[in-house]
Structure formats: C-alpha cells, structure tokens
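J.: here are the coordinates; sequence isn't available:
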C-alpha cells in the first residue's frame with residue numbers, strides 16, 4: 001500500500017511541478033501524468049492508453065457542448081452590452097455608499113456565463129468611473145467586483161469549472177446549486193469585507209490618472225462612447241432561465257407519459273436548459289445576421305476549447321486513479337482521521353491553485369483526484385464539491401492570469417496585488433470553508 005501511495009504522490013507532485021515550475025501546459029501535463037500513472041500501476045501499454053481515452057471521452061460527453069453554449073451566451077452579452085446594463089442598473093439601485101456590495105453582487109451574476117478575465121475587462125468602465133465618482137481607490141471597487149466574479153466562476157454551474165466538478169463527481173446539480181449558492185454567499189461576504197476594511201486606502205498612481213481622464217463624466221459607469229439602451233430584464237433572462245430550469249429539474253422529476261411531464265423533463269436537462277438560454281440571448285442581438293451569429297459562435301468555440309481539453313484530460317487522470325483502485329488505499333489512510341477527511345478536498349484544491357495559478361485546473365484536477373473516493377469521504381458528494389470550490393480560491397498570486405490582468409489594466413504593482421488580491425482570495429477560501437462547516441453541522 002505504501003509503495004502505491006508513494007507512486008501516486010510522486011506523480012501528483014510531478015503534475016504540480018510540471019505545470020507551475022517547468023511551465024508545461026496543463027493539458028499535456030495531465031495527459032502525460034495519466035499515461036505514466038497507468039503504466040506504473042501495471043497496466044499494459046494498450047490498456048493504459050484505452051483507460052486514458054475512456055476517461056477523456058466519458059468526461060466530455062456530458063459537458064463539452066454545455067461549455068460552448070454557455071460561452072456563446074457570454075459572447076452575446078458582451079456584444080450587446082447586456083452585462084454592462086446589468087452592472088449599471090444594480091449600482092444605480094444600490095447607491096454609492098454600498099458600492100462594494102453592489103459590485104460583488106454584479107460580479108456574482110455576470111460571471112455565471114462569462115469567464116472572470118473577460119467579465120472584468122467588460123466591466124472595466126464601470127469600475128473605473130465608479131472609482132472616480134465615489135472618490136475611492138480603483139482597487140476598492142475592482143476587488144469588490146472580483147469577489148463576486150470569482151464566486152460564480154468557482155462555485156456556480158453552468159460555469160465550466162463547477163460544471164466539470166459536477167460531472168466528475170456525478171452530482172445532483174440541484175443540491176449542488178443550493179449548497180454552493182449558500183457557500184458562495186459566505187465566500188463573497190468574506191471577499192467584500194476584506195475590501196471594505198483593508199482596501200480603503202489602497203491608492204495607486206493610476207487613481208490620479210483616472211481622476212484627470214474621467215472628471216467630465218456625469219453618470220457613474222457610463223463613458224461617452226458607451227450605449228446603455230436596452231432592457232436589463234431581457235439581459236438577465238439568458239443567465240437566469242438556465243439556472244432556474246436546471247435547479248427545478250434537479251429537485252422535481254415528473255413521472256408519466258403526458259405531454260407536460262415529457263416537455264418539463266426535457267427542458268430541465270442541463271444541455272437543453274443552457275440551449276434555451278442561448279436562444280433567448282439571440283433575441284438580444286440587433287438584426288442577428290448569419291455572419292454575425294457565426295462570428296459569435298466561433299469566438300465561443302475558440303474560448304471554450306482550452307477549458308474543454310483540460311477538463312477531458314483531468315477526467316482521464318481521475319479515471320486512471322479509479323481503474324487502478326488506489327483510491328481505496330487512500331481512503332484507508334484517512335479513515336483514522338475523520339476531520340482531516342472533511343478537509344481533504346479543500347487542501348487538495350488549495351495546493352493545486354497555489355501551484356498552477358488556475359482555478360479551472362484546480363477544480364478539474366481536484367475533482368479528478370477525488371472522484372474515485374468521493375463516496376468514502378465523511379461528507380456528501382455535493383459538500384465535497386463545495387470544499388473543492390473553497391480550496392480553489394486559495395490563493396491567487398503571480399502565476400494567475402487575473403493577477404497580471406489587474407496589473408495591466410490598472411497599473412497595479414505586484415507588491416500591492418499581493419497585499420490586496422492575494423490576501424482577499426485567501427480570506428474568501430476560509431470564509432467559504434466556514435459556510436461548508438456550518439452546513440455540515442446542520443446536517444447537509
């Protein structure tokens with residue numbers, strides 16, 4: 001047993017170092033690790049390859065199309081300005097004094113169909129003009145937005161990472177949504193409170209530049225070149241409808257052969273629910289010509305390809321671990337430490353995020369590693385997913401694209417980002433963990 005555990009630990013460390021230290025692409029590192037691990041546990045060459053391919057294809061079967069459609073919804077929202085209108089409406093309704101909470105909530109909603117980096121770039125005009133109008137540092141507004149963006153990106157399906165975890169762990173999506181929404185609120189509160197209490201005086205040279213450039217703007221978040229016409233309720237529909245359908249369908253499965261039950265059960269299938277959201281999004285486009293539509297679809301496919309491939313590779317690694325049976329030996333090790341067993345998903349995800357700099361890689365990698373043993377852990381599979389999500393917050397630092405995105409957009413020195421963004425992500429992880437432990441205490 002110790003030999004097999006040592007082999008597994010060696011290859012997992014190899015995976016971490018390959019991605020973070022040696023800069024090997026996550027897809028290549030995951031596939032090579034999966035093949036090498038299969039061979040090390042005695043599978044023949046052809047058998048090892050077959051196991052890896054089975055894990056890869058089995059994972060993507062239920063998720064690849066959904067990821068592409070979800071990305072398409074994000075492309076439409078970006079093209080029509082819908083995400084901008086959502087943010088602007090929320091901010092106006094809340095008022096300047098509660099801007100951190102408004103921005104956090106905005107990020108929470110917008111990042112469900114839109115990747116964090118894209119969503120932040122999209123909302124940059126809101127962030128910067130609100131900074132000037134409220135006389136607060138741009139990091140004060142921007143990191144409040146990041147808190148919401150990261151929560152949805154990490155915890156809420158149909159965002160690709162959480163959806164991949166649901167597929168890898170074979171979860172009930174409705175129960176996962178309920179638990180992760182509650183845990184996400186804890187994480188976001190932690191992130192926003194960090195901003196309120198520790199980022200009020202995080203002034204940058206860039207803040208002075210913004211003050212000079214945006215002093216002529218009369219409306220918060222609205223630049224001279226921005227069009228804000230449109231119905232914000234219609235903008236919300238492509239996001240809200242799929243979530244509602246998936247959630248309701250997971251809790252309620254109608255029986256019988258009548259037309260209503262057949263249609264209901266069909267439209268609540270995750271793939272169909274997200275497709276309905278995409279159809280709704282199409283109505284937001286002005287004169288949706290085939291050329292324009294094709295461009296948006298191609299952009300969605302290109303942006304989704306990397307996530308899909310990494311997800312499939314992570315699934316291949318998890319399937320190898322499952323087929324070798326090593327998970328049973330790992331469970332035996334943790335059987336004598338029940339509380340450590342609860343924290344295992346959190347710790348694994350945190351190690352991967354710190355090492356790889358990618359929340360998506362952390363989610364997929366952790367889900368892959370823990371899937372074979374999920375039924376043996378002292379919490380439900382949905383709680384395992386929540387723990388993985390919380391661990392994936394910890395921590396965002398210099399090997400993260402978001403870290404350098406903020407550095408470029410707002411000219412934030414790395415030292416300042418370590419004190420603000422990195423610490424915020426750590427706080428969010430532990431705040432979410434508190435939420436998970438409370439839910440566990442109450443019997444979830």
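T.: On my side now, so go ahead. Not measured: the values here are computed from a predicted model.

J.: in the stretch 251-400 of the chain, which segments are predicted with low confidence?
T.: Counting by pLDDT under 70, the stretch 251-400 of the chain shows low-confidence ranges at 251, 286-290, 325-341, 355-357, 398-399.

J.: from the middle of its chain, how far away would the strand or helix carrying residue 390 be?
T.: In this structure, residue 390 sits in helix 381-392 according to DSSP states H and E. A distance of 12 Å separates the centroid of the chain from that of helix 381-392, by Cα atoms, centre = their mean, to the nearest Å.

J.: got it, and stretch 64-83?
T.: Here stretch 64-83 shows a centroid-to-chain-centroid distance of 15 Å under the convention Cα atoms, centre = their mean.

J.: Report the contact partners of residue 144.
T.: For residue 144, the contact set (Cβ atoms under 8 Å, 6 or more residues apart in numbering) comprises 99, 100, 101, 103, 104, 107, 191, 192, 195. Just so you know, the C-beta spots here come from the backbone N, C-alpha and C atoms, and that holds for glycine as well.

J.: what's the most distant pair in those?
T.: Across the contacts of residue 144, the longest distance by Cβ to Cβ is 14.2 Å; it joins 99 and 191.

J.: Between the two, point out the one with more neighbours.
T.: For residue 99 and residue 191, the more surrounded residue by other Cβ atoms under 10 Å is residue 191, and the numbers stand at 30 against 24.

J.: Tell me how far residue 126 lies from residue 239.
T.: Shown here: residue 126 relative to residue 239, a distance of 17 Å by Cβ to Cβ, to the nearest Å.

J.: wait, residue 417
T.: When Cβ to Cβ is applied, the distance between residue 417 and residue 239 equals 29 Å.

J.: burial of residue 139, as a residue count?
T.: Applying the criterion other Cβ under 10 Å, we find 29 residues in the vicinity of residue 139.

J.: ugh, wrong one, residue 406
T.: 25.

J.: show me what contacts it?
T.: For residue 406, the residues meeting the contact criterion (Cβ under 8 Å, 6+ apart) are 120, 139, 142, 146, 412, 417, 421.

J.: Who wins on neighbours among these?
T.: Neighbours here mean other Cβ under 10 Å. Within the contacts of residue 406, the largest count is held by residue 146, at 32 neighbours.

J.: and that residue, what helix or strand is that in?
T.: According to DSSP H and E, residue 146 maps onto helix 138-155.

J.: pLDDT and distance to residue 432 added to the contacts of residue 406, as TSV?
T.: Written out in TSV, the entries for the contacts of residue 406 read as follows (pLDDT from 0 to 100; distance: Cβ to Cβ, whole Å):
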residue	pLDDT	distance to residue 432
120	81	20
139	94	22
142	93	21
146	94	15
412	87	25
417	88	21
421	94	17
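
J.: Contacts only, for the spatially most central residue of the chain.
T.: Centroid-nearest residue in the chain: residue 153, 2.4 Å away (criterion: Cα atoms, centre = their mean). Contact criterion Cβ under 8 Å, 6+ apart gives 111, 115, 116, 159, 161, 359 as the residues in contact with residue 153.

J.: and those, which of them are in helices?
T.: 116, 161, 359 (DSSP state H).

J.: Surely the last one is in contact with residue 151?
T.: I take that to be residue 359. No. Applying Cβ atoms under 8 Å as the test, residue 359 and residue 151 come out as separate, 10.9 Å apart.

J.: the more surrounded of these two?
T.: Neighbour totals were compared for residue 359 and residue 151, and residue 151 leads with 31 against 24 (other Cβ under 10 Å).

J.: quick one, what contacts that one?
T.: With Cβ under 8 Å, 6+ apart as the criterion, the residues that contact residue 151 are 107, 108, 111, 184, 187, 188, 191, 428.

J.: Any figure for the gap between residue 315 and residue 14?
T.: Residue 315 sits at a distance of 19 Å from residue 14 (criterion: Cβ to Cβ).

J.: Of those two, give the one with the bigger neighbour count.
T.: When residue 315 is set against residue 14 and neighbours are counted by other Cβ under 10 Å, the residue ahead is residue 315, at 29 against 17.

J.: how much space between that one and residue 321?
T.: Between residue 315 and residue 321 the computed distance is 11 Å (Cβ to Cβ).

J.: Counting residues, name the longest helix you see in this protein.
T.: Ranked by number of residues, the top helix in the chain under DSSP H is helix 290-324.

J.: Show me what it packs onto, helices and strands only.
T.: helix 2-20, helix 26-40, helix 45-61, helix 64-80, helix 160-169, helix 359-370 (3 or more Cβ pairs under 8 Å, 6 or more residues apart in numbering; DSSP states H and E).
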